[in-house]
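Visitor: Build the 3D model from these lines:
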Amino acid sequence: MTYQQTLHYLYNNLPMYQRIGPAAYKVDLGNIVELMAEMGDTHNSFRSIHVAGTNGKGSSSHMLASILQEAGYKVGLYTSPHLKSFTERVRINGKEIGEQEVVDFVEEVKPLIDEIKPSFFEITVALAFYYFAKYKVDIAIIEVGLGGRLDSTNIITPEVSLITNIGLDHQALLGNTLEKIASEKAGIIKEGVPVVISQNQVEIASVFKNKAAKVGTNISFASANYIIEQANTERVNIIKSGEVEIEGLKPDLKGSYQLLNIPGVLETLDKLNGFNITDEHIKKGLENVVHNTGLKGRWQILNKSPLIICDTGHNVDGVRMIIDQLDKYNYKKLHIVWGMVEDKSIMEVLTLLPTEAQYYFCAADIPRALNAKILANEASKIKLSGKEFDSVSIAISSAKKNAAADDLIFIGGSNFVVAEIDEL
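Guide: This next block holds a predicted model:
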């Protein structure tokens, strides 16, 4: 098979959550356990850090990888979903897996696929574990796909587990309260593996404490040890245990919400044994995340005049952070290109959006996308003014055409809307 034929086979023959939603979600780890057993349990041959959470897990994973790369280690990074290319999911030191590697892997395991019938996500996890073992990474950063307890990545025994922010998302699968969702995320907590919680969310802290006590492992809340202090509009100071540890750091991940992720990253590195990581590695790592790991779509500035920004935040907490960040900018008029998927809390999210903006409603080219006309109709009920467009690209073109040089265009609402931005 060619690479394109291989992708077609994966996308069209395996259940894929990103395209069809909950129907692709597996409620046990049987498939991935069987698959990895047939492949020699390669996930046991490298050290790892496991990262879960509702918001911030992707950015935190990239930060960890960047810092460890600056420290001179060979670092695997597994994240999902991809934005532009399937190969974004699996990287070593920021370099995406080669297309031929993907082809060779799928051809080799095709008999297992036919026999076990794994999901698309299960195969991508198996691919990452195989690839990291083959190229003998020093450590791999493994991002949970969805939830934690039943996620296919949850067969690893990491050096440290990190859980970032918990918010309401995927309620149909994970539960409709923060406590239920936190319980699913807490499923990555394992005996003897230290766990770090990025933020001390008082209403759910006991969920993590109880799970850690039950399995007999140490738990720490990063926000109790680290404070990220805004020094000026671009630079921050890292304060550890009341004293400045790193001064004048200029993070290249620009969203102010990233300051909530940094403590968890630093606390995780503190708990990581056997790796030599200095303040200089941390500084360079946090200042060069995009360059080192190729992260896309996190408060990414695409143009200066007019200012065009995109972000993949899509649930209630993520959108609330986006609006808070937009409020920090000066602009004449705000244009918002917006699309969502059908299984999100549509009205809960829409009510967070500013009524004074001009909206360009669209639908990404995936089966889960919410019809743009339906989205526009729902938005009109709460006085969000705009028009619907036949595609993301047409919506963006219209926003650019209408925007003056001192306006701001924001593009978001879904990972899949951001994925269709030409400039990304």
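Visitor: Which residues does the top helix by length along the chain contact?
Guide: For the chain, the helix reaching the highest residue count under DSSP state H is reported as helix 99-116. Under the criterion C-beta atoms under 8 Å, 6 or more residues apart in numbering, residues 1-3, 6-7, 9-10, 13-14, 31, 34-35, 38-39, 86-87, 118, 123, 126-127, 130-131 lie in contact with helix 99-116. Yep, even glycine has a C-beta here, placed from its N, CA and C like the rest.
Visitor: which of these count as buried?
Guide: A residue is treated as buried here by neighbour count (16 or more other C-beta atoms under 10 Å); on that basis the buried members of the contacts of helix 99-116 are 3, 6-7, 10, 14, 31, 35, 39, 86-87, 118, 123, 126-127, 130-131.
Visitor: Out of these, name the ones that lie in helices.
Guide: 3, 6-7, 10, 31, 35, 123, 126-127, 130-131.
Visitor: Can you give me the domain assignment for this structure?
Guide: The domain map for the chain lists 3-293, 300-419, with the assignment taken from automatic domain parsing.
Visitor: picking up where we left off before, what is the most widely separated pair among the buried ones among the contacts of helix 99-116?
Guide: Farthest pair in the buried ones among the contacts of helix 99-116 (C-beta to C-beta) is 3 and 31. Separation: 24.5 Å.
Visitor: would you list every one of the strands in the stretch 151-300 of the chain?
Guide: With DSSP state E, counting those that start in this stretch, the ranges of strands along the stretch 151-300 of the chain come out as 160-163, 195-197, 219-221, 226-230, 236-240, 243-249, 300-304.
Visitor: Save these as CSV, and put in mean neighbour count, mean pLDDT and distance to residue 186 too.
Guide: Putting the strands of the stretch 151-300 of the chain into CSV (neighbours: other C-beta atoms under 10 Å; pLDDT from 0 to 100; distance: least, C-beta to C-beta, whole Å) gives the following:
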stretch, mean neighbour count, mean pLDDT, distance to residue 186
strand 160-163, 28, 98, 7
strand 195-197, 29, 98, 8
strand 219-221, 19, 97, 10
strand 226-230, 16, 95, 21
strand 236-240, 18, 97, 26
strand 243-249, 14, 96, 29
strand 300-304, 13, 96, 31
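Visitor: all helices of the stretch 301-424 of the chain, in order?
Guide: For the stretch 301-424 of the chain, helices defined by DSSP state H, counting those that start in this stretch occupy the ranges 316-326, 346-350, 372-380, 392-402, 415-419.
Visitor: Now do the buried residues in the first one.
Guide: Residues of helix 316-326 classed as buried under the neighbour-count rule (16+ other C-beta under 10 Å) are 316-322, 325-326.
Visitor: Run through the neighbouring helices and strands of it.
Guide: With contacts defined as 3 or more C-beta pairs under 8 Å, 6 or more residues apart in numbering; DSSP states H and E, the packing partners of helix 316-326 are helix 346-350, strand 408-412.
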